[in-house]
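Peer 1: my questions are about this predicted structure, shown below with the sequence.
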Amino acid sequence: MNDDRFAQRLFRWSAIYGLIVLAPLYFLPPPAERAEAYFGLIGGALAFQGGYWTIGGDPLRYRTLMPIGVLAKLSFAIPALTLFALGRLDALTAVPVCIDLLLALSLAAAWLGLRSATA
């Protein structure tokens, strides 16, 4: 069950990384408009780190939730990369975006690996 071990570590690491990156955003000044949306999105993203942690606890049991985790990473990475390509996002912000894109691809690979291992 090497695929299972890979998925466990990857999803747990994703949860830890998400907490490290997202939690400090609560301490930055919110945008002048729609501060409630800013804090709500951060809160929702932080809450989903629990989903990554849960999947990492038993990837075979929660295999059906894995694509949602991939979509969660892509829902940030794709719009942010689009903004970067349009010149509306600085290069420093593009670093975590690329990490999220790499995580999305890795999470998809873990899901596909488990799917083929259980088939």
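Peer 2: Received the coordinates, thanks. Since the model is a prediction, treat every value here as computed from it, not as a measurement. Residues are numbered from 1 along each chain as shown.
Peer 1: where does this structure dip in pLDDT?
Peer 2: 1, 116-119 (pLDDT under 70).
Peer 1: pull the contacting residues for the most centrally placed residue in it.
Peer 2: By C-alpha atoms, centre = their mean, the chain has its centre lying nearest to K73, at 3.8 Å. Contact partners of K73, counting by C-beta atoms under 8 Å, 6 or more residues apart in numbering, are S14, D100, L101, L103, A104, L107. Glycine gets a C-beta too; all of them are placed from N, C-alpha and C.
Peer 1: who wins for neighbours among the residues you listed?
Peer 2: Highest neighbour count within the contacts of K73: S14, with 27 neighbours (other C-beta atoms under 10 Å).
Peer 1: leaving out the residues flanking it, which one is nearest to that residue?
Peer 2: Y52 (4.5 Å; C-beta to C-beta, 6 or more residues apart in numbering).
Peer 1: measure the one you found to L46 for me?
Peer 2: 11 Å (C-beta to C-beta, to the nearest Å).
Peer 1: so what sits against both of these two?
Peer 2: Shared contacts of Y52 and L46, counting by C-beta under 8 Å, 6+ apart, come down to G18.
Peer 1: more neighbours: which of those two?
Peer 2: Y52 (26 against 16).
Peer 1: tell me who's in contact with that one.
Peer 2: F11, R12, S14, A15, G18, G69.
Peer 1: could you redo the last one with a cut-off of 10 Å?
Peer 2: With C-beta atoms under 10 Å, 6 or more residues apart in numbering as the criterion, the residues that contact Y52 are 10-19, 65-66, 69, 72-73, 103, 107.
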